[in-house]
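Visitor: Requesting a structural model of the entry that follows:
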Amino acid sequence: MKLFDMKWPDEYMGKFEVKLNYPLHITDDIFSIKEHGKRVLLEMVDTYPKLILAYSGGSDSAFILCCINDLINERKITKNTIEIVQGVYTAKDIILTPDHKRATKFAKSLNLNPRIYEYDINDKWHAIEEFVLSKNLSGDGCINTCCQYLLCMEQDGVVIQHRAAGGANRVLSFANENLMFRMEWCAWDLIDNIINFDTWDKDIYSSFITPFRLKSKPMNTQPYDVEQYMDIDKKSLIHIEKYMYKWILYIQCYPELTEIFGKFRTIDWGMWTKNLESVGQRFRYRSQHNRFVNEHERIQRFRKMIDNSPENYAFVKSLNGNKFTIKDLVNYEDYI
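Guide: Model prediction:
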């Protein structure tokens with residue numbers, strides 16, 4: 001039985017339901033995530049004939065990369081056991097993944113050589129749009145996430161993704177002490193060849209539920225609203241606050257991960273707009289360039305419409321049908 005069962009809506013903003021099938025607990029051992037992460041990878045190797053890691057250079061996939069490197073050095077797997085595929089997103093030769101070279105360099109520093117897989121958003125747009133609409137997905141960053149799903153679907157094996165299910169504003173959130181899922185970040189559940197790393201079982205999932213995560217307070221950003229401090233990037237500070245709970249775990253396990261922190265978005269749509277004219281010069285006829293510009297504008301309109309649409313969330317329910325709250329964590333009384 002899976003850790004979570006999900007029931008998907010058959011209409012836009014329909015009811016999305018999630019049920020938890022096993023008890024969860026608070027973990028105070030910061031190295032638990034490393035121990036369980038390597039165990040999960042070995043169990044995946046025993047379960048699936050061909051495994052692929054979807055590697056972006058972000059902290060989540062880079063953490064798994066480090067776990068894989070450990071297992072290779074411990075001679076529990078070989079370099080060929082799990083293929084590393086690094087997605088690079090493009091639009092007619094415009095590279096939309098700004099830090100892809102840094103991600104490749106980090107992998108190679110671990111003596112791992114990722115296979116670069118280019119995904120042209122302009123050429124694949126029909127499939128992207130169809131996927132978003134057919135799955136009734138919406139919300140900020142939705143198109144970026146779906147592009148990553150579709151890249152995984154084109155691979156010839158079972159792809160490991162890491163959606164950071166303990167995330168503050170991603171798949172899960174302990175909002176007002178209730179456990180919540182964001183639907184768009186759970187769509188891996190609908191795809192046959194994708195498995196999610198940290199929802200593999202209750203132990204790896206519980207490794208993300210730390211006393212720090214449950215007790216930390218929101219950052220007080222009021223000082224940054226004062227005029228002389230307006231030039232400080234408050235958004236970046238808030239971003240750090242949201243993901244600090246997992247970054248602390250990752251860095252403690254693998255200090256070398258600091259080399260690739262501060263990741264850019266996997267797909268930078270602004271780079272497409274910025275380079276439209278230079279790409280246009282490569283077309284033989286002006287009409288070809290105009291079609292490319294018009295297609296870009298149509299895609300951007302659709303993306304902004306989806307990103308600005310409401311996000312669909314579900315309160316996670318226990319087996320008894322009640323909302324799961326932090327008080328349902330089996331060792332809650334020991335920590336809170």
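Visitor: residue boundaries of the helices in the protein?
Guide: Secondary structure of the chain (DSSP state H): helices located at 32-47, 59-73, 100-109, 125-134, 142-153, 202-206, 211-215, 234-253, 269-274, 276-280, 286-307, 332-335.
Visitor: other SSEs contacting the fourth one?
Guide: Under the contact criterion of 3 or more C-beta pairs under 8 Å, 6 or more residues apart in numbering; DSSP states H and E, helix 125-134 touches helix 142-153, helix 286-307. For the C-beta atoms, the positions are set from N, CA and C on the backbone; glycine is no exception.
Visitor: pLDDT of it, averaged?
Guide: Model confidence over helix 125-134, given as mean pLDDT, is 96.
Visitor: Which of the helices of the chain comes out lowest on mean pLDDT?
Guide: helix 276-280 (a mean of 66).
Visitor: still on that earlier bit, could I get the helices of the chain as JSON lines with mean neighbour count and distance to residue 159?
Guide: Formatted as JSON lines, those follow (neighbours: other C-beta atoms under 10 Å; distance: least, C-beta to C-beta, whole Å):
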{"stretch": "helix 32-47", "mean neighbour count": "18", "distance to residue 159": "11"}
{"stretch": "helix 59-73", "mean neighbour count": "21", "distance to residue 159": "11"}
{"stretch": "helix 100-109", "mean neighbour count": "17", "distance to residue 159": "16"}
{"stretch": "helix 125-134", "mean neighbour count": "15", "distance to residue 159": "15"}
{"stretch": "helix 142-153", "mean neighbour count": "21", "distance to residue 159": "4"}
{"stretch": "helix 202-206", "mean neighbour count": "21", "distance to residue 159": "17"}
{"stretch": "helix 211-215", "mean neighbour count": "14", "distance to residue 159": "27"}
{"stretch": "helix 234-253", "mean neighbour count": "16", "distance to residue 159": "21"}
{"stretch": "helix 269-274", "mean neighbour count": "16", "distance to residue 159": "24"}
{"stretch": "helix 276-280", "mean neighbour count": "14", "distance to residue 159": "30"}
{"stretch": "helix 286-307", "mean neighbour count": "14", "distance to residue 159": "23"}
{"stretch": "helix 332-335", "mean neighbour count": "12", "distance to residue 159": "35"}
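Visitor: Ok, which of those comes nearest residue 5?
Guide: Of all the helices of the chain, helix 202-206 sits nearest to residue 5, with 13.7 Å by C-beta to C-beta.
Visitor: by contact count, what packs against the closest one?
Guide: Going by 3+ C-beta pairs under 8 Å, 6+ apart, helix 202-206 lies up against helix 32-47.
Visitor: CA atoms only for the helix it packs on - export them in CSV, please.
Guide: The C-alpha coordinates for helix 32-47 follow below in CSV (Å, rounded to 0.1, in the frame of the first residue of the first chain):
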residue,chain,number,x,y,z
SER,A,32,18.2,10.1,9.3
ILE,A,33,17.4,11.5,5.8
LYS,A,34,20.8,10.3,4.5
GLU,A,35,20.4,6.8,6.0
HIS,A,36,16.8,6.4,4.7
GLY,A,37,17.6,8.1,1.4
LYS,A,38,20.2,5.5,0.5
ARG,A,39,18.0,2.7,1.7
VAL,A,40,15.1,3.9,-0.5
LEU,A,41,17.4,4.1,-3.5
LEU,A,42,18.5,0.4,-2.9
GLU,A,43,14.9,-0.6,-2.6
MET,A,44,14.1,1.2,-5.9
VAL,A,45,17.0,-0.6,-7.6
ASP,A,46,15.5,-4.0,-6.4
THR,A,47,12.1,-3.0,-7.6
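Visitor: Kindly calculate the angle that that helix makes with helix 234-253.
Guide: Orientation of helix 32-47 against helix 234-253 (axes from the mean of the first three to the mean of the last three C-alpha atoms, to 10 degrees) gives an angle of 70 degrees.
Visitor: what distance separates helix 32-47 from the middle of the whole chain?
Guide: Centroid separation for helix 32-47 versus its chain: 19 Å, with C-alpha atoms, centre = their mean, to the nearest Å.
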